[in-house]
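# I need the structure of the sequence given here:
(chains A and B)
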Amino acid sequence: MNSFIHRIEVHYNQDPRLKSRTDRIRSLGIPVGKLHLIDIYTIATSSRDFTYDELCRIGAQLINPVVQEYTVDAATEAVFDYAIEVGFLPGVTDNVGTTAKQTIEDYYSVRFLEGESVYSSQLFFVGGNISEDSLQKLAATLANPLVNRVHIRTYEEYKNKGMDPIVPHVRLHELPTAESVDLDLDDKDLASLGKEGIPDPQTGQRRGPLALDLPQLHAIRDYFSKKGRKPTDVELESLAQTWSEHCKHTIFASAMDDDIKKGLYKTFIQDATNKIRREKGDKDICVTVFTDNSGAIIFDDNYLVTHKVETHNSPSALDPFGGALTGIVGVNRDTIGFGLGAKPCLNCYGYCVGDPDSDPVLFRGKNKTNPILSPRQILDGVVRGVGVGGNCSGIPTPQGWCYFHDRYSGKPLVFAGTVGVMPLSHNGRKLFEKLAKPGDLIVMAGGRVGKDGIHGATFSSEALDPASPVTAVQIGDPITQKKLSDVIVKEARDLGLYHSITDNGAGGISCSVAEMAKECNGCHVFLAKVPLKYPGMAPWEIWISESQERMTLAIPHETLGEFMDLCRRREVEATVIGKFTDSGRCVVEYHGDIVMDVDLDFLHDGLPEKHLKTTGTQKMYPEPETECPAQLDQTILSMLQRKNICSKEFISTQYDHTVQGGHVLGPVQGTGRVQATASLTKVVLDSEKGVGLSQGIFPLYSEIDPYLMAAAAIDTAIRGLVAIGISLDKIALLDNFCWCSSDKPERLWQLKQAAQGCYDFATAFGTPFISGKDSMFNDFSGFDSDNNPVMISVPPTLLISSIGIHDDVAKAVSIDAKFEGDFVYIIGETFPELGGSEYFAFLNSTGKNVPKLDAIKAKSKYQNLTAAISKEIVASAYPVNHGGLAIALAKVAIAGRIGMEIVIPSSLRPDYFLFSESLGRFVVTVSKDHKKEFEKIMGSDAMLLGTVCGTALRISTQKIICDLPVEDLEIAYKSPFLGY
Amino acid sequence: MKTTIRSDKGPSGRTGKDDSSHPPQTDEKAIIMSGYGINSEMETQVAFRRAGMDSDIVHINDLIAGRRKLSQYRLLVFPGGFSYGDDTGAGNAYANRVRNNLWDDLERFLDNDNLVLGICNGFQILANLGLLPAFDKKYEREIALMPNRKGVLECRFATLKPASDNLFTRGIDRMYCPIAHGEGNFFCSPETLVRLKTKNMIAFQYCRDDLSPANGEYPYNPNGSTEDIAGITSEDGKVLGLMPHPERAMNFTNLYDWPYQKERMKRQGKKLPQESLNMQFFKNIVGYFC
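Numbering: from 1, shown residues only, chains lettered A, B, ... in the order given. Modelled structure (predicted):
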């Protein structure tokens, strides 16, 4: 208990934050009047007290006196109607509090003891005649009940006593010992053990899902009965982590039907890469694929670049900010944990969420308990989370997208990716290889371990249901990780201080240490040495906790001292927690007791094999029956306003995309500021080369034809890079499957089709997969307000991300039309392929003709365009995608703020021609001087559509069907998210 | 919203001098601070190297521990970043760490013929240290870089013009470079503002593409800064802080509108520059030591 509690309240004289905050709250339909914002620091100590004068000096350190004032142990005076204080629940990461603590420690040269701390909270004074209902709604927008506490007082209550100082101190009364678990149960009880978790010996309460099925539990029971003992909870939890869908990708690894004996992953992803690498021979760009934390390709003679894209869906559904933040800083560690440590140099993102203008009323529990967050809250939170993660870490985020569909309302998808850069070698040592040796010490560096994130890995393998534990929520601390990242990739790596490194992600040290132990064949861990955030954690919790910002290293005795000294000087906590061995076993000790002793072979390979069956389900959706409108002006404006087409620039501009100094082509381009489909960045400043990033995703195609859906995603990801001038042979791909109900044979059939598509089109283009991830159960199951069960499954979603090396960034091409008189071409043929298109969705229809792809034809087109761009005869290029040609033309015109005169052939219905999403197409503009040369290179692949001219986009067949000022197009394109 | 069909002169209309001439080179060294979430030290080092000055990136803790000495350097740079995650006010916690541990060394450094530069987070640190504006060499806080008017971090290119002729701005008629900050909204009292003006301490202001004043209008003035102030010097002219990042747009191809400018220049038969107009800023600083 803290004996001394003091409260410092800070407020601005004129708060610049208020206008935007008030506007935002009002935009959510809450009629607030005047708003005031107070930042609170609650200082809780037990070993020493601070005098009033000392507290005043502390207050002075926490403000800028030019614009702020503070009070010490006195309520801030103001007039209002309600005071709402929002703080953190016990154990939630409090970065502001930690910084304040460090400032005080530094100022007084003291150290806060265990249990002493500074806690931050925010106090909102709200004026206006607000109903109880609105007040609750306001509180819900300011606080998430899973991580925040909220206290509300009326002005009268506040006037007399202010707010109570609250110390969210963690108190645990658990017996910190390991328990043995009885697996000699009947199958029913065994199944519920797997599904709901180990029962607590005292309370009988289940600890949370192990997500182990019966065959797996039987295998574990057999293993331990041979050993002649029961497993401990540490062992069982550890096996559950290592065998989880998240870690072992069982569905992708298992045999399927009669034809996929090696499983989808080996057959369609890995073998595609193997085939491509063989065929490319000397021109192979791959360095490390699939085996490390990220995939890597050659950048130039001296450097490689890595890429990895992760998903963080379930945590983002519960706490969008924390979930997304953890997602991005987590994938940053996949970069730092590549080889001996690559420097994170680019972030990218993708969000699939429900329509933010909808507000589905759904609950995780019966009787209106545990409501889901609205799509708007989820969007706001994930946008902010990835932003804070990237911005605070100094990693530019130049590329990403946002896709809306009602089927993402139950569970959003949050994709977060990171590119790293690393020299191929340093002092003759290959930096992309690593090997822990027997005798090396196991060192954990970075943050401390708390209960946060326990059961995170198993949790994402289960559909979200009422039993979802709130400990699955965690908030990242990007600055702690930045310090860790800097000490690794900017100092320790090149000093050669360690043999191996990996990230602590899903499963915490239970997975990272056991994974590294494969390199030397054994490990012995002393769990009691692991530094904790608070006392009272059980050994199984320490072992599997997913507390953030941690890496595990293998360090030889000779360099241990230097490493530890370096970490101390950089204020990075590093602790020896065991050593690597060659015993063939993973041994964990806790205060002298062996709490885990499992053969590595069993741990990694004891998982029983599965054989999955699929059932074909080709669905047929009718084509719409509407006629083509005579005039398409209004249709084009409406299409531009569709959320999947319009500008989401508010995201691009709140993400720093220029840090590290390599910006070449950013997220928005042209004077009209249109969001581009690909970015280009120099990651080695003195090189002429650059790294291009793009992505492709077509969830609406999945239910019609998952095979062609994969084709569209792959083609689009590649085409984005070709459009900026990157050659096909310098492009690699990453796959992220986010499926639903993957225990159903129909869904598995769709998965198999999509995976087959990945193989066929990646090999046709010669673009290898270098990394991937899958998330198989993106289903929400809950209740509506009448207690009717509701299940919402995401559409089967495949994100293909592309990374490519641009040979000379000065030859790159942007999307904006440049000059009056330039010629406008379309490259590639247009077919009536509108199944799953934005146009059919606009017509409330699905349709049946998903775009087909002739990859051989496409490949030669792309090679020709690359040749034209490298000759610098292309003024602009834009890859046609969602919304088709009309949208592409509009975007190119808006970006250049210049009109176009376009004539389209009359072979096809004009609206179908303009909105078809046929693949393999670009809109390109070319100057008069280069017309001939361009047409010679492109041959029949390029069709002249018209010229850049005037101030309107005018499209005609025999007659004018669209005549819109570019200004109007721009207003439509930018209007939907103006208030964000 | 008004659509302007663009003139030939875009925001970066002047694209910098011919870079065939060799920059001046100095034997003096710069110290570039790092640690606790500062993140732009590497590109800042590249900028000074290209401008002709070598530098050491030094973690603040190595300076505190005495492993490096401030006195070995002539230029002190606080680069951009997110020190302490902007907690307790951007730049404030890092400034506290400097003040609580390095103040005497810093004061000595300022008394000698040295320069100090703060970019973005560095400017916020200098403001909280009171190194700016430092009227009468009194190191008190008199300016603030408050949260942006829009309430979120803003990353975009901004056009700047020098507001006074000093060693940092000499020969520059515009800069065009990214801003990326959540707290860059310059504020000071009316009295302080008058002093800044009369003593010609306003170094850079945000402006429109044609160099006319932004007059507070978003996005030309991206954060709501008083008088469109993007950067100021100290009274003695030896310390400069600015929010925008010239080190992030050193090359022509770093500029937001370079693809357009490239097409324009190509069609006019002009040679494309390698370097951007922003490099003059770093050359000016290096020139002080030559």
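
# now whatever residue of chain A ends up closest to chain B. Nearest residue, chain neighbours left out?
Among all residues of chain A, A:Gly394 sits closest to chain B, at 2.5 Å; criterion: CB to the nearest CB. To be clear about C-beta, it is placed using only N, CA and C from the backbone, and glycine gets the same treatment. Closest residue in space to A:Gly394, ignoring its immediate chain neighbours: B:Asn39 at 2.5 Å, by CB to CB, 6 or more residues apart in numbering or on different chains.

# contacts only, for the residue in the stretch 1-150 of chain B positioned nearest to chain A.
Residue nearest to chain A within the stretch 1-150 of chain B (CB to the nearest CB): B:Asn39, separated by 2.5 Å. B:Asn39 sits next to A:Ser393, A:Gly394, A:Lys482, A:Val659, A:Gln660, B:Pro79, B:Gly80, B:Gly81, B:Phe82 when contact means CB atoms under 8 Å, 6 or more residues apart in numbering or on different chains.

# for the residue of chain A closest to chain B, list the residues it contacts.
Each residue near A:Gly394 by CB under 8 Å, 6+ apart is listed here: A:Lys482, A:Asp656, A:Val659, A:Gln660, B:Gly37, B:Asn39, B:Ser40, B:Gly81, B:Phe82.

# farthest pair within the residues you listed?
Pairwise distances across the contacts of A:Gly394 (CB to CB) peak at 14.4 Å, for the pair A:Gln660 and B:Gly37.

# so can I have TSV of the contacts of B:Asn39 showing secondary structure?
Output for those, formatted as TSV (DSSP: H, G, I helix; E, B strand; the rest coil):
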residue	secondary structure
A:Ser393	helix
A:Gly394	coil
A:Lys482	helix
A:Val659	helix
A:Gln660	helix
B:Pro79	coil
B:Gly80	coil
B:Gly81	strand
B:Phe82	coil
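
# can you check which helix is longest in the chain?
You didn't pick a chain, so chain A it is. Longest helix in chain A, counting residues (DSSP state H): helix A:745-765.

# was after chain B, sorry
Counting residues, the longest helix in chain B under DSSP H turns out to be helix B:92-111.

# list the buried residues in that helix.
B:92-102, B:105-106, B:109-110 (16 or more other CB atoms under 10 Å in any protein chain shown).

# closest to A:Asp222 among these?
B:Ala93 (55.9 Å).

# who's in contact with that closest one?
Contact analysis of B:Ala93 by CB under 8 Å, 6+ apart lists A:Thr99, A:Gln102, A:Thr103, B:Tyr36, B:Ser83, B:Tyr84, B:Asp87.

# may I ask which of those residues has the most neighbours?
Of all these, B:Ser83 has the most neighbours under the rule other CB atoms under 10 Å in any protein chain shown, reaching 32 neighbours.

# wait, doesn't that one sit right on B:Phe123?
No. Counting by CB atoms under 8 Å, B:Ser83 does not reach B:Phe123; the two are 12.0 Å apart.

# which residues do those two both contact?
B:Gly91.

# local confidence estimate at the residue in the stretch 51-200 of chain B that chain A sits nearest to?
At 3.1 Å from chain A, B:Gly151 is the closest residue in the stretch 51-200 of chain B, using CB to the nearest CB. B:Gly151 is assigned 90 on the pLDDT scale.

# ok, and the closest non-adjacent residue to it?
Nearest non-adjacent residue to B:Gly151, counting by CB to CB, 6+ apart: A:Ser20, 3.1 Å away.

# check A:Asp715 too.
Using CB to CB, 6+ apart, the closest residue to A:Asp715 is A:Leu919 (4.5 Å).

# likewise B:Gln205?
With sequence-adjacent residues excluded and distances taken as CB to CB, 6+ apart, B:Gln205 is closest to B:Asp228, at 4.3 Å.

# same check, this time on B:Glu140
B:Gly130 (4.7 Å).

# how many other residues sit next to the one you found?
B:Gly130 has 18 nearby residues by other CB under 10 Å.

# again with A:Glu105
The tally of other residues near A:Glu105 (other CB under 10 Å) stands at 14.

# ok, B:Lys29 - how many residues close by?
Neighbour tally, B:Lys29, other CB under 10 Å: 15.

# likewise A:Glu625?
Neighbourhood size, A:Glu625 [other CB under 10 Å]: 7.

# doesn't A:Phe977 lie inside a strand?
No. A:Phe977 sits outside any strand when classified using three-state DSSP, being coil.

# let me see the ranges of the strands in the stretch 701-850 of chain A.
Under the criterion DSSP state E, counting those that start in this stretch, strands of the stretch 701-850 of chain A are mapped to A:731-738, A:769-775, A:779-783, A:789-793, A:797-806, A:823-827.

# the fifth one close to chain B?
No. Applying CB under 8 Å from any CB of the partner chain, one finds that strand A:797-806 is not in contact with chain B, the shortest distance being 10.7 Å.

# alpha carbons of the lengthiest strand in chain B, as PDB, please.
When chain B is parsed with DSSP state E, its longest strand is strand B:154-162. What follows is strand B:154-162, C-alpha atoms only, in PDB (Å, rounded to 0.1, in the frame of the first residue of the first chain):
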ATOM      1  CA  GLU B 154       0.200  16.500 -39.300                       C
ATOM      2  CA  CYS B 155       2.700  15.200 -41.900                       C
ATOM      3  CA  ARG B 156       2.800  17.200 -45.200                       C
ATOM      4  CA  PHE B 157       5.100  19.500 -47.100                       C
ATOM      5  CA  ALA B 158       5.200  23.100 -46.200                       C
ATOM      6  CA  THR B 159       6.600  26.100 -47.900                       C
ATOM      7  CA  LEU B 160       8.800  28.400 -45.800                       C
ATOM      8  CA  LYS B 161      10.300  31.800 -46.300                       C
ATOM      9  CA  PRO B 162      12.900  33.500 -44.300                       C
END
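
# quick one: strands adjacent to that strand?
strand B:175-181 (antiparallel), strand B:202-207 (antiparallel) (DSSP bridges).

# hmm, who's touching stretch A:621-634?
A:635, A:703-704, A:834-835, A:840, A:843-849, A:886, A:909-912, A:914, A:955, A:961-964.

# and the strands in the stretch 551-700 of chain A, which stretches?
Applying DSSP E, counting those that start in this stretch to the stretch 551-700 of chain A gives strands spanning A:574-580, A:585-590, A:593-599, A:611-612, A:663-665, A:668-669, A:674-675, A:678-681, A:690-696.

# looking at the ones you listed, which is nearest to A:Ala255?
Going by CB to CB, the one of the strands of the stretch 551-700 of chain A nearest A:Ala255 is strand A:611-612, 4.8 Å.

# what strands line up against that closest one, and which way round?
Strand A:611-612 has the following sheet partners, assigned by DSSP bridges: strand A:255-256 (parallel).

# the residue lying closest to A:Asp743 once chain neighbours are set aside and A:Ile84, how far apart?
Of all residues not flanking A:Asp743 in the chain, A:Phe777 sits nearest, at 8.0 Å (CB to CB, 6+ apart). Applying CB to CB, to the nearest Å, the value for A:Phe777 to A:Ile84 is 37 Å.
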